[in-house]
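**Student:** Just to be clear, the model below is a prediction. Sequence and coordinates:
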Amino acid sequence: MISYYYSSVSSNLEIKKHQQKIEMILDSKKIEYKKIDIAADPNAKDRMRELMGDAKALPPQLFNGDTYCGNFEAFEEALECESLSEFLKL
């Protein structure tokens, strides 16, 4: 199952747009995913960063189970290369 870490509270418009695009693409391709809001659960942010090995990482971030897939830029590149399934390790 794809885990999608995002923040429901962000003053950064770019992050909000990235999150919306990820959700729109995953929904349109009927890829099931679990949304994890790091703003609602402080432990979620720590877990996301721990799984990535990056103590300063910001959302959105994508995982398949506990396996890190990538951030928005990597997601967008996978879309352009038509390799989204490989990127998400499906």
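**Tutor:** All right, it came through fine.

**Student:** Give me the mean pLDDT for the lengthiest helix in the chain.
**Tutor:** Scanning the chain for the helix with the most residues, using DSSP state H, yields helix 13-28. Across helix 13-28, the average pLDDT comes to 96.

**Student:** Now do D27: how many residues are near it, please.
**Tutor:** The tally of other residues near D27 (other Cβ atoms under 10 Å) stands at 11. Placement of C-beta: from N, CA and C, glycine included.

**Student:** rewinding a little: next helix or strand past the longest helix of the chain?
**Tutor:** Sequence order places strand 33-37 as the next helix or strand after helix 13-28, per DSSP states H and E.

**Student:** who touches that next one?
**Tutor:** M1, I2, S3, Y4, Y5, Y6, S7, S8, E23, L26, A44, M48 (Cβ atoms under 8 Å, 6 or more residues apart in numbering).

**Student:** list the contacts for G65?
**Tutor:** By Cβ under 8 Å, 6+ apart, the contact set of G65 is M1, S3.

**Student:** sorry, back to before: list the helices and strands the longest helix of the chain packs on?
**Tutor:** Secondary-structure packing of helix 13-28 (3 or more Cβ pairs under 8 Å, 6 or more residues apart in numbering; DSSP states H and E): strand 2-6, helix 72-80.

**Student:** quick one: which of the contacts of strand 33-37 is most hemmed in?
**Tutor:** Neighbour tally across these (other Cβ under 10 Å): the maximum, 25 neighbours, falls on Y5.

**Student:** Residues in a beta bridge with it, which ones?
**Tutor:** I36, Q61 (DSSP bridges).

**Student:** E82 versus that one, what's the distance?
**Tutor:** To E82, Y5 is 24 Å away according to Cβ to Cβ, to the nearest Å.

**Student:** same question, M24
**Tutor:** 17 Å.

**Student:** Quickly note the distance from A44 to Q20.
**Tutor:** For A44, the distance to Q20 - Cβ to Cβ - is 19 Å.

**Student:** Apologies, that question was intended for A39.
**Tutor:** Counting by Cβ to Cβ, the gap from A39 to Q20 is 16 Å.

**Student:** Could you pull out the buried residues of the longest helix of the chain?
**Tutor:** I15, H18, Q19, I22, L26 (16 or more other Cβ atoms under 10 Å).
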